[in-house]
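Participant: A predicted structure for the sequence below; I have some questions about it.
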Amino acid sequence: MTKSELVELIAEQQLDISKREAEVVISTIFSVIGDALASGEHVELRGFGSFTTKARQARIGRNPKSGEAVAVAAKAVPHFKPGKEMRERVDHAD
């Protein structure tokens, strides 16, 4: 599902919300989560999951085209851990 499909679905299910309003709400939620992660915070949405960042150490990588060794800098990457309700919902989706 894409962001625009999500906006459309919310606008269809919530008749008192326009597509534009749904888009603003979704964009704001994504922005707040992204800003929190960028500042090193932990975001937890009960029943859905939690967003954190994980530190990756610097390493020597390889250019797949040339095979040449390349230095890859240390970085923080976003990580999502689904909550128990989400895991059970997905597991029983069959």
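Facilitator: In hand now; what should we look at?
Participant: Spit out the contact partners of the spatially most central residue of the chain.
Facilitator: With distances taken as Cα atoms, centre = their mean, Phe80 lies nearest the centre of the chain, 6.6 Å away. Residues in contact with Phe80 (Cβ atoms under 8 Å, 6 or more residues apart in numbering) are 49-51. The way it works is simple: take the backbone N, C-alpha and C, and place the C-beta from them, glycine included.
Participant: now swap in Ile17 and tell me
Facilitator: Counting by Cβ under 8 Å, 6+ apart, Ile17 touches 10-11, 25.
Participant: Determine the three-state secondary structure at it.
Facilitator: coil (DSSP: H, G, I helix; E, B strand; the rest coil).
Participant: How much space separates it from Ser39?
Facilitator: 29 Å (Cβ to Cβ, to the nearest Å).
Participant: Quick one: the strands in this protein, in order.
Facilitator: According to DSSP state E, the chain carries its strands in the segments 43-45, 49-56, 59-62, 69-72, 75-82.
Participant: neighbours around Lys19, how many?
Facilitator: Lys19 is flanked by 13 other residues according to other Cβ atoms under 10 Å.
Participant: Make sure it is actually in contact with Ala11.
Facilitator: Yes. The pair Lys19 and Ala11 passes the contact test of Cβ atoms under 8 Å, sitting 4.4 Å apart.
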